[in-house]
Structure formats: C-alpha cells, structure tokens
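>>> Any chance you can model this:
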Amino acid sequence: MRLDYLELCGFRGFLERQRVDFGTGFTVICGRNGVGKSTLCDAVEFALTGQIDKYLVDKAAKESLDDYVWWRGEGHPEAHFVTVGFRADDGSGFAVTRSRETGADRDAARIEAMLCVPGAQPERALQQVCRTSIIRDEWIAALSLDLTETQRFEFVRAALGAIEGPDYAAKAREALSSAEAVHNAAAQAYEEARARLTAALTDLEQIRDVALQAGDVAAVLATLDELTPGAGPDLGARVAAARKTLARRRSNLGEMGWVADEARAVAALRDTVARHGDSAGRDAVAVAEAEVAVQEARRQLQAAEARLDREQESDGLAASLAILVDHGSRIGLHDDRCPLCRAPQGAPEFETGLASARQRLAARRSAVPEARGEVAAARTRVEDAGEILKQAETVVHRLASAQAELEAREEALSAELVRRSLDGELAYDPEALEEVVEAERSRLIDLERSILTLEASQAVERVTELEARLEALRAEADDASDRLARAHAAVTTARTLDRTVRRTNAEIIDERLAVISPLLNELYQRLRPHSEWRTIDYGIRGDVRRFLSLRVGNGLNPQFVFSSGQRRAAGLAFLLSVHLSRPWCNWRTLMLDDPVQHIDDFRALHLVEVLSALQRSGRQIVCAVEDPSLAELLCRRLMSEPTALGRRHDLDLVPGGGASVTRSTDIEPAMVGVLRRARDLSAAS
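Numbers count the residues shown, from 1 in each chain. Sure thing, here's the model as predicted:
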C-alpha cells in the first residue's frame with residue numbers, strides 16, 4: 001500500500017483547495033521555510049489519526065492545538081477537510097477524509113485493516129504507523145538517542161508488533177487473574193464462614209446466659225395476661241406483643257415523668273401564690289393610701305407654686321417702687337409740682353414722701369427663696385409618694401400575674417392527665433400523681449421480668465439447636481480453609497507460570513530485536529555519523545522493566561559524545577532500521593520531513609544514497625527538503641522507472657498568505673540503454 005494523493009483545504013497554512021499527487025516510486029517536495037512542507041506530513045497523520053503528534057504540549061495560554069488545526073488567517077476557505085488516498089500494487093485503493101464538521105468518514109478499525117496485517121499490529125496501531133513512517137525533523141533525535149533506555153525499548157517493541165503464534169503471555173495473565181479471583185473468592189468465603197461461626201458462638205453464649213434465668217412460667221403468663229390481654233395462645237406471639245407493650249408503656253412512662261415534674265412545679269407556684277394571698281388586702285390598702293398621699297402631695301405642690309407666683313409678683317412691685325424713689329430723688333420737684341403726677345407740692349412734703357417710701361422698702365423682706373424651698377420640698381414629696389404607689393402597684397400586679405399563670409398551668413396539666421386516661425384532680429395532688437407513676441414503673445419492671453423469663457424458657461430449647469448448627473458451621477469453616485489453601489497454591493503456580501512466560505516472551509523479543517542489529521549497523525555505516533566509530537551496538541537488560549541502550553566505540557553513549565549533526569545522522573539510522581523492521585505494516589511509504597537539518601553535505605549525500613537503495617527495494621519515498629540543489633539531486637538519484645515513477649512539487653506562498661503548490665513536475669524515467677549508447681558514442685568520437 002502506497003500514498004496515491006493528498007487533497008486538503010482550509011487546513012493549517014493552506015487556504016485554498018490543493019491536491020498533491022504522489023509518484024509511485026518517489027516524491028520530492030521542495031520549498032523554503034514556512035511554505036507548507038511539514039503541513040503535508042501533518043495532513044497525512046491528521047487524516048489517519050485525528051491528531052498531530054509532533055508538539056510537546058497540547059495547551060498553552062488557554063489555547064490548544066485543536067484551535068490551530070484549521071485555517072486561522074485572513075479570508076475564508078470554501079471548506080475544511082483533509083483527504084489522503086492510498087493505492088495497492090494490484091490497483092485497488094481507498095481514501096480517508098477527515099473534516100472539521102463531520103470528522104473521519106472511516107473508523108480506526110477499518111483504516112487499520114487496510115494498512116496493517118490483521119492480528120500482528122501493536123496497540124494504537126495507527127499512531128505507531130505514523131510515528132515509524134513519518135520521520136520529522138523535530139523527532140529524529142527525540143525518538144532515538146534522546147529517549148530513555150526504557151522508552152527506547154518500548155518504542156522498538158511496539159514497532160515490532162505483536163508476537164506471532166499463541167499469545168501465551170495473555171493466557172498466563174488470564175490464568176493468573178482467574179487463580180487470583182478464585183483465591184479472593186475462597187478468602188472471602190473463609191472470612192464469611194469464620195464470621196458466621198463467631199456469630200453463632202456469641203449467640204450460643206447469650207442464649208445460655210438467658211437460659212439460666214428461667215423461672216416460674218405460670219406466674220409469668222398470668223402477668224402477661226394482665227398487662228397484654230388478647231395476645232393469643234402462641235408463646236412467641238405473646239412475647240412479641242409484650243415487647244411492643246413494654247416499649248410503648250416505657251415511652252408513656254418517660255412522658256409521665258415530665259407530667260409529674262410539671263405537677264410539682266405547679267404545686268410550688270400554688271404555695272407561692274397562697275403565701276402572697278394573705279397580704280393581698282394589706283397591699284390593696286397600701287395602694288389606696290399611696291394614692292391619697294400622692295394627691296395630697298400634689299395639692300401642697302400647687303399651693304407652694306401659687307405662693308411662689310405671688311411672692312415673685314410682690315417682688316416686682318417693690319422693685320418698681322425702688323426705681324421711682326431713685327428717679328424722684330434725682331429729678332426732684334419741677335415747678336413745685338410732683339414729676340410723676342404733676343400735683344402741686346412743697347419741697348418738705350416731697351422729701352417726706354420719699355423718706356416714707358424708703359422706710360417701706362427697707363421694712364419689706366423678700367419671701368421668694370422661702371417659697372421656692374417650699375416648692376422643691378413639695379415636689380420631693382410628690383416623687384416619694386409616686387414611688388411608694390408604684391411599688392405597691394407592682395406587688396399587686398405580680399400577684400395577679402402569678403394567679404393567672406397558676407390557673408393556666410393547672411388547667412393544662414388537668415387536660416393532659418385526662419388525655420392520658422387519669423383523674424384530672426391529680427393536677428392538684430402531686431404526691432398522688434407520683435404514686436401513680438411509681439405504680440406504672442413497677443408494672444413495667446414486672447412485665448420486663450416476665451418477658452425475660454419466657455425468653456429464657458425458649459432459650460433452653462434453642463441451646464441444643466444452636467449447638468448442632470455450630471458443629472455444621474465448624475465443618476463449613478474447615479472446608480473453606482481447605483479451599484483457600486488450594487487456591488493459594490494455584491495462585492503461586494500461576495504466578496510462577498506468568499513469570500516464566502514473561503521471561504520467555506522477553507527472550508523472543510530479544511531474538512527479534514537481534515534482527516535489527518545488522519540493519520542498524522548497515523544503515524549507520526552508510527550514513528557514517530562518525531569518522532572513527534564506524535559501528536553502533538545495542539544492549540538489552542532487565543527482567544520486568546526492559547532497557548535498550550546504544551553504544552559506540554569502547555562502550556560510549558552516543559547521546560553524550562556526538563555532536564548535533566552526528567546525533568541526527570545516528571538517529572536517522574536508528575529510525576530507518578525501525579521503519580524497515582515492521583512485519584505488521586502494509587504501508588510501504590517512508591515520509592521524511594526535512595531530514596538534513598544540521599547535517600553536513602557529506603552525510604546528506606550518504607542519506608540520498610540510502611534513500612535510493614530503499615526506493616529500489618520497493619519503498620515509496622516522500623522527502624521534503626529546503627535546498628533546491630538537494631531536491632535536484634534526489635530526483636536524479638531516486639531513479640524514476642516506468643513502474644515506479646517519480647514526481648516533484650515546489651511550494652510557495654501566494655497572495656493572501658496561504659501556501660500553495662506552485663509547480664508539479666513528473667520525473668521521466670531514464671531511457672533504456674542510455675549509458676551503453678553514451679559509451680558507444682564516446683568510443684566513435
């Protein structure tokens with residue numbers, strides 16, 4: 001199976017629809033950096049697997065590779081799809097199309113069936129096909145020398161595919177899993193048998209303890225008839241009914257404890273109300289007296305305030321008189337007339353009047369401070385009388401509230417007693433109520449003792465039954481122990497078998513890996529990564545974890561002694577040997593994405609010769625390079641033939657930023673006998 005064509009649109013850097021037809025013998029793709037050479041390899045891988053495996057990370061800055069699979073530049077492609085076509089030697093073929101909207105038109109199993117040998121392919125076969133058929137510039141060293149020894153072994157083992165013949169490893173793992181499942185089941189059965197045996201022993205001891213308590217059954221039955229009438233003649237039914245009655249009456253007894261506590265609290269409140277009831281008359285008299293005192297104090301306050309007003313008014317008149325006397329003394333008579341009333345008056349008479357007024361003013365004493373003191377004293381008496389009234393009213397109100405609370409609680413307690421089929425008058429007699437509670441408690445104790453006695457009488461019969469069951473459980477536990485021992489032996493045998501099969505498989509893999517060694521050495525010698533170390537060896541070690549190491553010279557690790565270009569050349573030899581060692585792969589195409597980066601011209605020429613040899617052995621070579629001269633060399637050395645034609649595609653960017661195939665050239669096969677004819681012409685000249 002070989003590549004036939006590749007058609008893509010709106011994929012990665014290709015905006016417009018492009019079709020690339022591959023030569024049956026080889027195809028050379030040429031173009032500078034960024035024109036889409038790697039995208040063609042990406043398109044083949046994406047069509048087959050739905051992913052591009054060359055990136056070390058899938059997500060960065062809240063974006064993922066999936067966001068960049070399809071065209072993201074300016075303009076809008078007419079569609080978003082990738083189609084890769086394959087052609088077999090007999091002319092038959094098939095194609096795989098994967099679009100952004102609908103995904104792949106073929107499932108992975110159908111693609112594997114076309115590209116792989118059924119039953120021999122490794123796990124994740126399509127990813128292994130792409131990884132070993134598409135050799136990318138980024139992965140030449142990463143998938144060879146830069147791998148850890150464990151990863152390198154797994155990479156080569158996966159490339160070799162499944163071991164042919166019966167899969168004894170899977171059968172051994174299946175046998176081990178079955179043995180472990182049987183062992184786990186036997187262990188669980190043994191634990192369950194031991195648990196049942198332990199539970200039976202515990203039950204037997206408990207039943208024996210109960211059986212020792214068996215007493216007078218007749219008296220017990222009489223107690224049951226009294227406390228649980230109508231339970232029926234069956235003893236088990238009577239015990240069950242007694243248990244229910246005991247639980248119910250215990251609950252009622254717990255509630256009756258609350259009722260008794262409430263009755264005691266009500267009695268205490270009743271005593272309190274009774275003690276304060278004797279002083280109720282005195283409190284009422286005290287309230288009346290306090291009210292009278294308040295009224296009298298308020299009357300005295302009003303009288304004191306009236307006197308204060310009179311005294312303040314009298315003080316105002318006296319002040320006015322003093323002002324008149326003062327003004328009269330300064331002004332004197334005016335034309336022998338009084339300056340105030342204009343009455344005719346002599347000077348002696350005027351002076352005599354002023355003197356008389358001054359005497360009256362001197363003889364008068366102000367009573368305003370005394371009146372103010374009386375007002376303050378009256379207000380104090382009013383406040384004191386009000387406080388006494390308030391205290392008396394508080395005492396009366398508290399007593400009334402206590403009486404109301406007592407009546408409400410007595411009524412509620414009486415209703416609760418009636419609801420429990422008891423005498424409501426017990427609410428007023430807590431001692432009698434306590435006696436009722438104690439009587440109920442005694443009846444419940446008798447009922448519980450009766451139940452225990454009946455159960456003990458039944459336990460005597462159950463002891464013999466449990467002893468017989470105990471013997472059967474012991475036999476069952478012994479049988480489970482024997483099965484567990486046999487299962488443990490089977491697990492040990494299965495583990496030994498699994499280790500043996502794994503060791504044998506490892507030896508088979510080692511033998512198959514030995515086939516790669518000559519091929520790796522031959523390719524290494526042709527590519528000549530190092531001028532002195534002409535051979536490369538590998539070594540395998542480890543039983544459970546396998547390690548594959550590469551060595552050159554005197555046991556040196558090429559990963560640490562080779563230069564960048566030498567590591568890439570050695571990596572190419574390693575990957576080409578892996579590519580050629582896949583017996584399970586029907587796809588006979590080798591794709592190389594710019595394999596000569598960091599490789600000098602000398603080793604690049606050797607690589608061209610190696611690719612020419614591979615092409616002549618029947619491999620289809622697809623090689624993408626940047627150098628046009630190297631592309632010309634590849635077209636000449638890869639030898640286009642009538643049955644294996646060659647083709648060249650040149651890529652470049654077109655206006656709008658998209659990549660495009662700008663030129664496609666068929667490499668014509670060389671003429672038959674052209675060298676012989678050239679020799680003859682040379683001899684004739």
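
>>> check contacts around Ala125.
Glu112, Leu115, Cys116, Trp584 (Cβ atoms under 8 Å, 6 or more residues apart in numbering). The C-beta positions use only the backbone N, C-alpha and C, and glycine is treated the same way.

>>> ok, now with 7 Å
By Cβ atoms under 7 Å, 6 or more residues apart in numbering, the residues touching Ala125 are Glu112, Cys116.

>>> The one 4 residues further on too?
Taking Cβ under 7 Å, 6+ apart as the contact definition, Val129 lies against Leu115, Cys585, Trp587.

>>> Now pLDDT and distance to Glu180 too, for those, in JSON lines please.
What follows is the contacts of Val129, written out as JSON lines (pLDDT from 0 to 100; distance: Cβ to Cβ, whole Å):
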{"residue": "Leu115", "pLDDT": "92", "distance to Glu180": "37"}
{"residue": "Cys585", "pLDDT": "90", "distance to Glu180": "36"}
{"residue": "Trp587", "pLDDT": "93", "distance to Glu180": "40"}
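
>>> Filter these down to the buried ones, PyMOL style.
Listed next is the PyMOL selection for buried residues among the contacts of Val129, using 16 or more other Cβ atoms under 10 Å:
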select buried, resi 115+585+587
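
>>> got a markdown table for the contacts of Val129, with secondary structure and distance to Arg541 too?
Shown next, in a markdown table, are those (DSSP: H, G, I helix; E, B strand; the rest coil; distance: Cβ to Cβ, whole Å):
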| residue | secondary structure | distance to Arg541 |
| --- | --- | --- |
| Leu115 | helix | 33 |
| Cys585 | strand | 28 |
| Trp587 | coil | 33 |
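
>>> other SSEs contacting the longest helix seen in the chain?
Identified as the longest helix of the chain according to DSSP state H is helix 430-527. Other helices and strands packing on helix 430-527, by 3 or more Cβ pairs under 7 Å, 6 or more residues apart in numbering; DSSP states H and E, are helix 149-160, helix 168-211, helix 217-227, helix 235-277, strand 536-541, helix 564-580, helix 601-616.

>>> In terms of mean pLDDT, which of the ones you listed ranks lowest?
Lowest mean pLDDT within those: helix 217-227, a mean of 59.

>>> re the thing from before, so which of the helices and strands packed on helix 430-527 is nearest Leu548?
For the helices and strands packed on helix 430-527, the distance to Leu548 is smallest for helix 149-160, at 3.9 Å, taking Cβ to Cβ.

>>> For Asp482, give its distance to Thr493.
17 Å (Cβ to Cβ, to the nearest Å).

>>> Ile140 too?
47 Å.

>>> Between those two, which has more neighbouring residues?
Under the criterion of other Cβ atoms under 10 Å, the comparison of Ile140 against Thr493 puts Ile140 first, with 26 against 13.

>>> how does the protein divide up, domain by domain?
2-145+582-684, 217-269+425-461, 285-419 (automatic domain parsing).

>>> most packed of those?
domain 2-145+582-684 (a mean of 17; mean count of other Cβ atoms under 10 Å).

>>> Can you find the helix or strand in this protein with the smallest mean pLDDT?
helix 217-227 (a mean of 59; mean pLDDT, DSSP states H and E).

>>> could you pull out the helices for the stretch 251-400 of the chain?
280-331, 347-363, 368-419 (DSSP state H, counting those that start in this stretch).

>>> These into JSON lines, with extra columns for mean pLDDT and distance to His488?
Converted to JSON lines, those look like this (pLDDT from 0 to 100; distance: least, Cβ to Cβ, whole Å):
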{"stretch": "helix 280-331", "mean pLDDT": "72", "distance to His488": "93"}
{"stretch": "helix 347-363", "mean pLDDT": "71", "distance to His488": "135"}
{"stretch": "helix 368-419", "mean pLDDT": "76", "distance to His488": "68"}
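
>>> which one of those helices lies closest to Asp498?
Among those, helix 368-419 sits nearest to Asp498 (Cβ to Cβ), with 76.6 Å.

>>> which strands and helices sit next to the closest one?
If you count contacts as 3+ Cβ pairs under 7 Å, 6+ apart, helix 368-419 packs onto helix 235-277, helix 280-331.

>>> Output the domains of the chain in JSON lines; the columns should cover distance to Glu511.
Below are the domains of the chain laid out as JSON lines (distance: least, Cβ to Cβ, whole Å):
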{"stretch": "domain 2-145+582-684", "distance to Glu511": "13"}
{"stretch": "domain 217-269+425-461", "distance to Glu511": "75"}
{"stretch": "domain 285-419", "distance to Glu511": "95"}
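
>>> Of the ones you listed, give the one that comes closest to Ala489.
domain 2-145+582-684 (33.5 Å).

>>> Nearest to Val156, out of the domains of the chain?
Among these, domain 2-145+582-684 sits nearest to Val156 (Cβ to Cβ), with 9.8 Å.

>>> Just checking the distance from the closest one to the centre of its chain.
45 Å (Cα atoms, centre = their mean, to the nearest Å).

>>> That concludes my questions; thank you for your assistance.
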